[in-house]
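> give the three-dimensional model of this entry:
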Amino acid sequence: MNHQSDFPIFKSSSDQPFVWLDSAASSQKPACVIAAMTDYYENHHANIHRGVHAQSLRATQKYENARVRAQKFINASDPREIIFVRGTTEAINLVAAGFAHSQLKQGDEIIVSEMEHHSNIVPWQMACKQTGATLRVIPVTDEGELDIAAYQKLLTEKTRLVAIAHVSNVLGTINPVSDIIRMAHEKNIPVLLDGAQAVSHIPVDVTELDCDFYVFSGHKMYGPTGIGVLYGKAERLTKLPPFQTGGGQIREVSFSGSTFADIPQKFEAGTPAIAEAVGLHAAMDYIDSIGVENIFAHEQMLLKKTSQALSEFSDLRILGRAHHKSAVISFVIHHVHAHDIATILDQSGVAVRAGHHCAMPLMQRFGVPATTRVSFGIYNTEADIEALVLGLKQALEIFQK
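Predicted coordinates:
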């Protein structure tokens, strides 16, 4: 399986190879996504929802078609349960702010895990600071898996919400979210899943999962930047207050007060990212045209071969050996900083990520300041693994000297 030809960025005539192993940060964009957005701007652009002219109606239809497409992509029961946001970060902030304003009080508890991205930690810290609630943390085992026994003990009558990554952006761990949700629901506790690293790599069915909220970003799933999705069960979204206020999400405004529209408009104040929604629609079409199961199988092959190749380096340690893993590998090399490794790899045309990956508590858990992270997408091949290994050998030769 080789889909590099679908992506214009790989068609450069440069003699320098371009190996993209940083899809966990942001994926490259296929031609169909770029074309869909160009077509929108060239032929269909207008502001939406409030216009009565034909151009506005056509643009509105494209935007709302994208909402229905997102509903079907994750198998939500109703398109009203799809809220367009700027990305995963804004989606989590929306829910956290809503909980802080309407459902949290002193003594309440929010549960997150030790492997969370900062975007699924800091908003809850702020909500707790505003309300007097407390943040509880599920520990991570040496293998990079959640300690489910510890999680079960954390669930109490004080717990108001569980917010967990579906897939870790550092370890690649695919968390047992069905069990996590079931345990929480047994105590009537809602669950938010951060699906930023999941939706383009593994099948996601929010109805089957029965999660209360699910969030993800377009730019990590071959779509544009500046757009993402908050899925929420209708009854949960209805209870949350608006995150932002302004045009397009009100029912009536007077100087004595305002009332708000129903979901989803209640959470989409102002002019939305219309072209980006069109691009996201195309990205979801693209993923489904290949089949997420096929994408997963391809990436698992790359994960296995890369893990085997890296095991040949005696001073290299991979963080996270979870039984169920996505195609993400984070590693450290003794006495060589991750940034130095990434810099030398870049000189060979191999792009990887180096740093704490917005997961500083997890770095502290494993006692490292940073890691080098390799992450795969549908466009990666075995030749990319060979380029990575060659680049690492060159890096180690430099530092041995």
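> counting contacts, what elements does the helix or strand harbouring Lys393 pack onto?
According to DSSP states H and E, Lys393 maps onto helix 382-400. Applying 3 or more CB pairs under 8 Å, 6 or more residues apart in numbering; DSSP states H and E, one finds that helix 382-400 contacts strand 19-20, helix 292-310, helix 338-347, strand 350-351. Placement of C-beta: from N, CA and C, glycine included.
> in CSV: those, plus distance to Thr159.
Output for the helices and strands packed on helix 382-400, formatted as CSV (distance: least, CB to CB, whole Å):
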stretch, distance to Thr159
strand 19-20, 40
helix 292-310, 32
helix 338-347, 36
strand 350-351, 41
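> quick one on the thing from earlier: can I get the helix holding Lys393 in CSV? Just the C-alpha atoms.
Extracted C-alpha coordinates of helix 382-400, given in CSV (Å, rounded to 0.1, in the frame of the first residue of the first chain):
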residue,chain,number,x,y,z
GLU,A,382,9.4,0.6,4.2
ALA,A,383,11.8,2.9,2.4
ASP,A,384,11.1,5.5,5.1
ILE,A,385,12.1,3.1,7.8
GLU,A,386,15.4,2.5,6.0
ALA,A,387,16.0,6.2,5.7
LEU,A,388,15.3,6.6,9.5
VAL,A,389,17.7,3.8,10.4
LEU,A,390,20.4,5.2,8.1
GLY,A,391,20.0,8.6,9.6
LEU,A,392,20.2,7.3,13.1
LYS,A,393,23.4,5.4,12.3
GLN,A,394,24.9,8.6,10.9
ALA,A,395,23.8,10.5,14.1
LEU,A,396,25.4,8.0,16.4
GLU,A,397,28.7,8.0,14.4
ILE,A,398,28.8,11.8,14.8
PHE,A,399,28.4,11.6,18.6
GLN,A,400,30.7,8.7,19.0
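> how about residues contacting that helix?
With CB atoms under 8 Å, 6 or more residues apart in numbering as the test, helix 382-400 has contacts from 17, 19-21, 302, 305-306, 309-310, 313, 315-316, 333, 335-336, 340-341, 344-345, 348-350, 352, 374.
> and with 6 Å instead?
With contacts defined as CB atoms under 6 Å, 6 or more residues apart in numbering, helix 382-400 is touched by Val19, Lys305, Thr306, Ala309, Val336, Ile341, Ile344, Leu345, Ser348, Val350.
> coming back round to it: and the helices and strands packed on helix 382-400, which is most packed in?
Across the helices and strands packed on helix 382-400, averaging neighbours per residue (mean count of other CB atoms under 10 Å) puts strand 19-20 on top, at a mean of 24.
> sorry, back to before: among the helices and strands packed on helix 382-400, which comes closest to His49?
helix 292-310 (31.3 Å; CB to CB).
> next one: the closest one to chain centre, how far?
For helix 292-310, the distance from its own C-alpha centre to the chain's C-alpha centre is 19 Å (CA atoms, centre = their mean, to the nearest Å).
> picking up where we left off before, what's the mean pLDDT across the helix holding Lys393?
Here helix 382-400 scores 93 as its mean pLDDT.
> just want the angle from it to helix 338-347.
Relative orientation of helix 382-400 versus helix 338-347 (axes from the mean of the first three to the mean of the last three CA atoms, to 10 degrees): 120 degrees.
> now helix 382-400, how far from the centre of its chain.
Put simply, helix 382-400 sits 29 Å off its chain's centre (CA atoms, centre = their mean).
> for it, buried residues please.
Using 16 or more other CB atoms under 10 Å as the test for burial, helix 382-400 gives Asp384, Ile385, Ala387, Leu388, Val389, Gly391, Leu392, Ala395, Leu396.
> got it, and stretch 138-145?
Buried residues in stretch 138-145, defined by neighbour count with 16+ other CB under 10 Å: Ile138, Val140, Thr141, Gly144, Glu145.
> distance between the ends of that stretch?
Stretch 138-145 stretches 10 Å from its first residue to its last (CA to CA, to the nearest Å).
> what are the contacting residues of that stretch?
113-115, 146-147, 150-151, 171, 173, 320-322, 365.
> rerun that using 8 Å as the cut-off
For stretch 138-145, the external contacting residues (CB under 8 Å, 6+ apart) are 111-115, 146-147, 150-151, 154, 164, 168, 171, 173, 175, 319-323, 362, 365.
> okay then, goodbye and thanks.
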